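[1] Structure for this input, please:
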Amino acid sequence: MTGTSNAAFGEKVGKSGEAIRRYRAGEREPDNDTMAKIFVETAGLVTPNDWVGVGPRAAEQQPISEQVIS
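    Modelled structure (predicted):
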């Protein structure tokens, strides 16, 4: 999904481009349904654990925006 605009990715998961921007910036956490859709759309590269700060990527502290949704 690298190179996908916030608006285009938002259409895929049923959210606005602004909501995606907020998720990427860490200003907001998606609800469970949206987390599942993001997981599917990123082929599992962004997981619910990425949002709650647990798991292997949490130790790296790499923002979601630098992982996949950019």
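[2] C-alpha only now, for contacts and for neighbours.
    Noted.
[3] what about the protein, any weak spots by pLDDT?
    Within the chain, the stretches with pLDDT under 70 are 1-2, 53-70.
[4] mind redoing it with 50?
    When residues are selected by pLDDT under 50, those of the chain lie in 70.
[5] Phi and psi next, for Thr42.
    Phi and psi for Thr42, reported as degrees, to the nearest 10, are phi -100, psi 10.
[6] how deep is it tucked in, by neighbour count?
    When counting by other Cα atoms under 10 Å, one arrives at 15 neighbours for Thr42.
[7] what do you get for Glu41?
    Residues near Glu41, counting by other Cα under 10 Å, number 16.
[8] The one 10 residues further on too?
    By other Cα under 10 Å, 19 other residues sit near Trp51.
[9] element containing it, please.
    In the assignment (DSSP states H and E), Trp51 maps to helix 48-52.
[10] any idea how far Val40 is from Arg24?
    According to Cα to Cα, to the nearest Å, Val40 and Arg24 sit 17 Å apart.
[11] distance between the ends of stretch 4-22?
    Note: stretch 4-22 ends 15 Å apart using Cα to Cα.
[12] can you start the count at 30 instead of 1 from here on
    Okay, using 30 as the starting number, the last item reads as stretch 33-51.
[13] What are the buried residues along the helix holding Trp80?
    The neighbour-count check on helix 77-81 (16 or more other Cα atoms under 10 Å) flags 77, 79-80 as buried.
[14] Any chance of these in a markdown table with distance to Phe38 as columns?
    As requested, these are arranged in a markdown table below (distance: Cα to Cα, whole Å):
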| residue | distance to Phe38 |
| --- | --- |
| Pro77 | 17 |
| Asp79 | 17 |
| Trp80 | 17 |
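[15] of all the residues you listed, which comes closest to Glu47?
    Trp80 (17.2 Å; Cα to Cα).
[16] from what I can see the closest one touches Asp60, true?
    No - contact criterion Cα atoms under 8 Å: Trp80 and Asp60 do not qualify, at 10.1 Å.
[17] Nice, that's everything, thank you.
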